[in-house]
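Visitor: have a look; sequence and predicted model below, questions after that.
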Amino acid sequence: MLFSENLTKFVGMKQSIDFLPERKQRDLRELVALVRKEIKDVVMVILYGSYAKNTYVECDERHDFGVKTFYISDYDILIVTKKRLGGKESTIESRIRAEFLETKNNPEFYTRPQFINESIKGLNNALSEGHYFYVDILTQGVVLYDSGEYQLATPRELNFCEIEKKAQKYYDKKFASATDFLFHTKVAYDRKTYPMTSFMLHQATEYFIKTIPLVFALYGYKEHDLEFLIEKCKIYTMELAKVFPRDTPEEKRLFELLRSAYVEARYNDDFIVTKEDIDALLPKVERLRDIVEKVCTAQIGYYSSKKAG
């Protein structure tokens, strides 16, 4: 059942994507078909973000601190399933994205799908609790597919005092853990145990990045893959592209080294990390720390301003 009338009336979501160009509509129909092929217990597929709001950007070239980046709005899609996909989410998402892009010309500059997954029970609990992120999705979103099996809970009125309190709590805990890992990175560096240094640096990076969705969406990811986590943060901030631009072979190598350190540094005796590698990566993670602190404190400040209003 596409564009469920009952559901959209209930939560205020748009009933169609007719406001988008035909090419975008074809893309979204294709993505729904791929999602349904890959995930058998899908309940709903909801478009949110810039495409749902019709504020998307096709391609915008930017230069930040001498780094050339291209910003292209993603198709942000919430996949609601009977049970949360958990550890399978990253693999399933990669398969859907790869199949979607394989037939596209110049896929590097084609609109990419970004998915988040929640169970119907988790989504309804979040709505009942007035969860800011999900209430916003339902206020702004478009239902692309609805199996008709479930109804959504009535969203509770947003309580920005409560949202601010939770976001601050999550920020304090996760950011402090990331800072601890960064401290132990420097201890391992002084001991010249560079593979272990890279592992600690990975953990610091992972925890700093995970702080962002916790503050912006009150949503925590369990995955350790840095590329997956960075992709998930694009909807909240594009500033992470300044830290890991991956626009040269050396930048790509450094990122892949850091990304692989989570496993390789612990279990591969032949994993090679040099002092020069750490010297190149450490300032990046320190810059990441500063960006995370800036964007998260600004978002918490936004919650505070809404509370005061």
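Guide: Thanks, I have it. Numbers count the residues shown, from 1 in each chain.
Visitor: A helix includes residue 258, no?
Guide: Yes - applying DSSP: H, G, I helix; E, B strand; the rest coil, one finds residue 258 inside a helix.
Visitor: from the contact counts, what lies against the longest helix anywhere in the chain?
Guide: Ranked by residue count under DSSP state H, the longest helix found in the chain is helix 275-308. On a contact count with 3 or more CB pairs under 8 Å, 6 or more residues apart in numbering; DSSP states H and E, helix 275-308 meets helix 160-190, helix 194-217, helix 240-243, helix 249-267. In this view, the C-beta of every residue, glycine as well, is placed from N, C-alpha and C.
Visitor: and these: which comes nearest residue 126?
Guide: Closest to residue 126 of these is helix 194-217 (CB to CB; 9.7 Å).
Visitor: need the next SSE after that closest one, C-terminal direction.
Guide: helix 226-233 (DSSP states H and E).
Visitor: by how many degrees do that next one and helix 194-217 diverge?
Guide: 20 degrees (axes from the mean of the first three to the mean of the last three CA atoms, to 10 degrees).
Visitor: can you give me the buried ones in helix 226-233?
Guide: 226, 228-233 (16 or more other CB atoms under 10 Å).
Visitor: again with stretch 162-180
Guide: Neighbour count says stretch 162-180 has 162-164, 166-168, 170-171, 174-175, 177-178 buried, by 16+ other CB under 10 Å.
Visitor: nearest to residue 18 among those?
Guide: Using CB to CB, the buried residues of stretch 162-180 come closest to residue 18 at residue 163, 33.2 Å.
Visitor: roughly how far does that closest one sit from residue 131?
Guide: Distance, residue 163 to residue 131, using CB to CB, to the nearest Å: 8 Å.
Visitor: same deal with residue 295?
Guide: Counting by CB to CB, the gap from residue 295 to residue 131 is 20 Å.
Visitor: compare these two (neighbour count), which wins?
Guide: residue 131 (23 against 19; other CB atoms under 10 Å).
Visitor: not counting sequence-adjacent ones, nearest residue to that one?
Guide: The shortest distance from residue 131 to any non-neighbouring residue, by CB to CB, 6 or more residues apart in numbering, is to residue 218 (6.2 Å).
Visitor: how much space separates the one you found from residue 152?
Guide: 18 Å.
Visitor: ok, now residue 29?
Guide: 23 Å.
Visitor: and residue 218 and residue 152? Which one has more around it.
Guide: residue 152 (22 against 19).
Visitor: centroid-nearest residue for this protein?
Guide: Central residue of the chain (CA atoms, centre = their mean): residue 232, 1.2 Å from the mean position.
Visitor: now do the same contact list for it.
Guide: Taking CB atoms under 8 Å, 6 or more residues apart in numbering, we find residue 232 in contact with 114, 116, 213, 221.
Visitor: roughly how far does it sit from residue 103?
Guide: Counting by CB to CB, the gap from residue 232 to residue 103 is 25 Å.
Visitor: check the nearest residue to residue 259 once chain neighbours are set aside and give its pLDDT.
Guide: Closest residue to residue 259 apart from its sequence neighbours, by CB to CB, 6+ apart: residue 226 at 4.8 Å. For residue 226, the pLDDT comes out at 94.
Visitor: verify the contact between residue 226 and residue 208 for me.
Guide: No - at 10.4 Å, residue 226 and residue 208 do not qualify as touching, with contact defined as CB atoms under 8 Å.
Visitor: any shared contact partners between residue 163 and residue 131?
Guide: residue 218.
Visitor: off-centre distance for stretch 191-204?
Guide: Offset of stretch 191-204 from its chain centre (CA atoms, centre = their mean, to the nearest Å): 25 Å.
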